[in-house]
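Undergrad: Build me a model:
(2 chains, ligands or ions: 1)
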Amino acid sequence: MPRTLFEKIWDTHLVGKTKAGASLIAIDRVFLHERTGAAALGNMAEKGRTVRDPSRVFAVMDHIVDTRPGRGDGTLMPGGEQFITETRAACQKAGITLFDVNDRDQGIVHVISPELGVVLPGVTLVAPDSHTCTQGAFGALAWGIGSSEAEHAMVTGVLRLKKPKTMRVRFGGSLSPGVTAKDMALHMIAAYSAGGGAGHAVEFAGEAVEALDMEGRMTLCNMATEFGAMAGFVAPDHKAFHWLAGKRFAPADFEDPYWADLRSDDGAHFDKEIVIDASAIAPMVSWGTSPEQAIAVDGTIPQGPERVHDYIALDQGQTLAGTPIDVAFLGSCTNSRIGDLRRAAAILEGRKIAPSIKKAMVVPGSLRVKRQAEAEGLDKIFEAAGFEWRMSGCSLCFYAGGEGFPEGSRTISSTNRNFEGRQGPGIRTHIASPETVAASAIAGAISDPRELMREEVSA
Amino acid sequence: MSALPSVWSDIAAPLLVDNVDTDAIIPSREMRSTGRDGLADGLFAPWRYSDADARIENPEFVLNQSEFRDTSILLGGANFGCGSSREHAVWALSEWGIRAIVAESFAPIFHGNCIRNFILPITLERAALEQLAGEEITIDLAGQSVTREELSHTFDIDPEAKQMLLEGLDAIDLTLTQASEIESWTAADRAARPWVYLEHSA
Ligand code: SF4
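TA: Numbering: from 1, shown residues only, chains lettered A, B, ... in the order given. Just a heads-up that it's a prediction; the model follows:
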């Protein structure tokens, strides 16, 4: 029987069945962060339980940690320091590997896990963080869970699961210039809804996905959770193997036959299939308070729920392009890797952000990305353009109660969530690609990055 | 936390909004310590309070209305609990007293978090939810139905989840009853996929 990639990974990890018929699935890797990990470790210790195999559990300080230069344990978030010191103590006690505040490998969990080769093709990896699906880019089954489930995985080495359904989303054709993996994700979610992937493990396939580099695939898989999917992944190819080979926790090569078979067989059955024409995708920007409320940057805003229009202060029929913005944010596990920064810097080079912009920040996804960007002089380009250059972390992807944008600001942001209050009280977030963030920061209003890119070509 | 009754009745508090995310259920700034307690005060803070800092209530919000304040049943729209995996959202609901959420659909992580914390997630069609809004309803977990007077809707629940909820089982303890199965599987896997195991490389 031909099997899908998902089924192959599932079958490999099937330990047994529970009495009520759920599957016990072996978990190869667990990654914690200080926001939700301390709760899992704390409860475990209280119950007198221990981690079954500490060598396969990792933790990082990324969520609450300050991103201003010269940082220590202190953060602007009330009580934030407690999350950091408790997580550190709990990790030590549990014997797991921690990437601490200023560790040279520190960064956003889903950025550093691939950088360190913690995620590998064909593994199961869980983290108490919804964007764990990012790591599916490498052909892993990686998904977000709650703190209780993280504790379960650490203590028992397995999770009790009901098998999800399978879906394949094929992006045929090729992307136009200036259109990115972020736009693919937003296009898909806008077309099929924020619950479109519910109950499914989603394989992304097709020429446009194969053509993406590993960073682009991470961006696409990152948004699988915004599609309601349990997980999103791409069959690993030479790009994935090459990218990971020799990384700190990865094997030196991927010769084992297990890896060669990590693809859906011809004729494998998916419970649902979607086909999207990649050449028809434009740069996308969200207009509302759910990632499904997104349109092409040059489109007009449709009719949405009244409370959404009220919150975002934009009406049906208005155009998004030209809407003035106050803040520009480049960062998050969606778009903070070196390629994202290079592409944004290419647009910003020799230009300045509009004087009306109150704050513009770049937060590299990891300290490794930061060092690389500095070696290439990207930090200087950002600073010359008027962006602040930060240490790595989640930062203002979410509002941890400390640092914030001015209340009620309208932001253009390379992040993944435009929920009410996600970036702070009353903040109106528009999510988009790094290119669109850069172009909009220059214009001081939501802008189509293709226009600036065209100018460059003709200049 | 404890088992759910097999049958109970309460008023269904309607929050029939789609895509209620966990940032709305418990905003990040309301999660002030690493523990699971003290979260109910911040439950739905952006909507429940007209001024969250001063804790001034917004009388329009459903849980501030006297008939719904003490109920254990909340109704929701599609994709309820989407967004951040924070289990704090479920801890806050649980501390507030919610024992069942009846919605059009749930985000998967939130759904799993509900089961682990003995909150019953029930999926019903929108039309059915509208019939239940604001009414006294009876949830029969054992019989898998939601009824209001003569109206009755059956719901699906995974048998494993049903057993956990009804018996108040701790998932970890339950799994550890199969520890020897896990051990023998691991021994075989170690031979088949040695690269998964990191003891020596770290
Ligand atoms: S960058 Fe944002 S979405 Fe990603 S893990 Fe951090 S808080 Fe979550």
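Undergrad: Run a quick neighbour tally on residue B:164.
TA: 23 (other Cβ atoms under 10 Å in any protein chain shown). C-beta: built from backbone N, CA, C; applies to glycine.
Undergrad: which element is the residue lying closest to it once chain neighbours are set aside on?
TA: Excluding the flanking residues, the one nearest residue B:164 by Cβ to Cβ, 6 or more residues apart in numbering or on different chains is residue B:115, at 6.1 Å. Residue B:115 belongs to helix B:108-116 when assigned by DSSP states H and E.
Undergrad: How far away from the center of its chain is the helix or strand in which residue B:164 is found?
TA: Counting by DSSP H and E, the element that carries residue B:164 is helix B:159-167. Centroid separation between helix B:159-167 and its chain, computed with Cα atoms, centre = their mean, to the nearest Å, is 14 Å.
Undergrad: Next, the buried residues of it.
TA: B:160, B:161, B:162, B:163, B:164, B:165, B:166 (16 or more other Cβ atoms under 10 Å in any protein chain shown).
Undergrad: now do stretch A:317-336
TA: For stretch A:317-336, a neighbour-count test (16+ other Cβ under 10 Å) marks A:320-321, A:323, A:325-336 as buried.
Undergrad: That stretch and the ligand in contact?
TA: Yes. Under the criterion of Cβ under 6 Å from any ligand atom, the ligand is reached by stretch A:317-336 at A:332, A:333.
Undergrad: okay, how far is it across that stretch, tip to tip?
TA: 32 Å (Cα to Cα, to the nearest Å).
Undergrad: Check stretch A:21-41 too.
TA: 28 Å.
Undergrad: How far off centre is it?
TA: Distance of stretch A:21-41 from the chain centroid (Cα atoms, centre = their mean) equals 18 Å.
Undergrad: Closest one of the buried residues of stretch A:317-336 to residue A:174?
TA: Of all the buried residues of stretch A:317-336, residue A:335 has the smallest distance to residue A:174: 20.4 Å, by Cβ to Cβ.
Undergrad: pretty sure the closest one contacts residue A:434?
TA: Yes. Residue A:335 is within contact range of residue A:434, at 5.0 Å (criterion: Cβ atoms under 8 Å).
Undergrad: shared neighbours, those two?
TA: Common neighbours of residue A:335 and residue A:434 (criterion: Cβ atoms under 8 Å, 6 or more residues apart in numbering or on different chains): A:182, A:414.
Undergrad: For the helix ranked longest in chain A, which outside residues touch it?
TA: Longest helix of chain A, by residue count under DSSP state H: helix A:80-94. By Cβ under 8 Å, 6+ apart, the list of residues contacting helix A:80-94 from outside reads A:32-35, A:37-38, A:41-42, A:44-45, A:50-51, A:54, A:57, A:59, A:61, A:63-65, A:73-75, A:97-98, A:100-101, A:154, A:400-402, B:33-34.
Undergrad: Kindly report the same for stretch A:435-452.
TA: A:177-178, A:180, A:283, A:285, A:297-298, A:320-325, A:328-330, A:343-345, A:347-348, A:351-357, A:360, A:385-387, A:412-414, A:430, A:432-433, A:453.
Undergrad: got it, and stretch A:179-186?
TA: Contacts of stretch A:179-186 (Cβ under 8 Å, 6+ apart): A:171, A:175, A:208, A:212, A:215-217, A:219-220, A:222-223, A:226-227, A:276, A:278, A:281-286, A:291, A:294, A:334-335, A:343, A:414, A:431-435.
Undergrad: switch to 6 Å and redo it
TA: A:212, A:216, A:219, A:220, A:223, A:281, A:283, A:284, A:294, A:433 (Cβ atoms under 6 Å, 6 or more residues apart in numbering or on different chains).
Undergrad: which of those lies closest to residue B:179?
TA: Nearest to residue B:179 among those, with distances taken as Cβ to Cβ, is residue A:223, at 37.4 Å.
Undergrad: Pull up the gap between the closest one and residue A:433, please.
TA: Per Cβ to Cβ, to the nearest Å, residue A:223 is found 12 Å from residue A:433.
Undergrad: now swap in residue A:172 and tell me
TA: Taking Cβ to Cβ as the measure, residue A:172 and residue A:433 are separated by 20 Å.
Undergrad: Who has more neighbours out of those two?
TA: It is residue A:433, of residue A:172 and residue A:433, that has more neighbours when counted by other Cβ under 10 Å, with 29 against 15.
Undergrad: which residue sits closest to that one, ignoring its sequence neighbours?
TA: Nearest to residue A:433 is residue A:182, by Cβ to Cβ, 6+ apart, at 4.1 Å.
Undergrad: Please, which helix or strand holds that neighbour?
TA: helix A:181-192.
Undergrad: quick one: is that helix near the ligand?
TA: No. For helix A:181-192, no contact with the ligand is found by Cβ under 6 Å from any ligand atom; the gap never falls below 13.1 Å.
Undergrad: which parts of that helix are buried?
TA: A:181, A:182, A:183, A:184, A:185, A:186, A:187, A:188, A:189, A:190, A:192.
Undergrad: Distance from the chain centre to it, please.
TA: For helix A:181-192, the distance to the chain centre is 14 Å (Cα atoms, centre = their mean).
Undergrad: by how many degrees do the helix or strand following it and helix A:181-192 diverge?
TA: Going down the chain from helix A:181-192, the next helix or strand is strand A:200-205, by DSSP H and E. In terms of direction (axes from the mean of the first three to the mean of the last three Cα atoms, to 10 degrees), strand A:200-205 departs from helix A:181-192 by 130 degrees.
Undergrad: quick one: the worst-scoring helix or strand of chain A on mean pLDDT to chain centroid distance?
TA: None of the helices or strands of chain A scores lower by mean pLDDT, DSSP states H and E than helix A:449-458, at a mean of 81. Relative to the centre of its chain, helix A:449-458 is centred 27 Å away, using Cα atoms, centre = their mean.
Undergrad: Give me the below-cutoff pLDDT ranges for chain A.
TA: Within chain A, the stretches with pLDDT under 70 are A:400-402, A:456-459.
Undergrad: And the longest strand seen in chain B, what does it pack against?
TA: The longest strand of chain B (DSSP state E) is strand B:7-15. Contacts defined by 3 or more Cβ pairs under 6 Å, 6 or more residues apart in numbering or on different chains; DSSP states H and E place strand B:7-15 against strand B:73-76, strand B:136-140.
Undergrad: let's see 10 Å
TA: Contact partners of strand B:7-15 among helices and strands, from 3 or more Cβ pairs under 10 Å, 6 or more residues apart in numbering or on different chains; DSSP states H and E: strand B:73-76, strand B:100-103, helix B:126-132, strand B:136-140, strand B:145-148.
Undergrad: Near the ligand, list only the ones from the contacts of helix A:80-94.
TA: Among the contacts of helix A:80-94, the ligand is touched by residue A:63 when using Cβ under 6 Å from any ligand atom.
Undergrad: Mind checking which of the contacts of helix A:80-94 land in helices?
TA: Counting by DSSP H, the contacts of helix A:80-94 contribute A:37, A:38, A:41, A:42, A:44, A:45, A:154 to helices.
Undergrad: Pull the number of nearby residues for residue A:212.
TA: 23.
Undergrad: quick one: it from chain B, how far?
TA: 25 Å (Cβ to the nearest Cβ, to the nearest Å).
Undergrad: Skipping adjacent residues, who's closest to that residue in space?
TA: Per Cβ to Cβ, 6+ apart, closest to residue A:212 is residue A:181, 5.6 Å.
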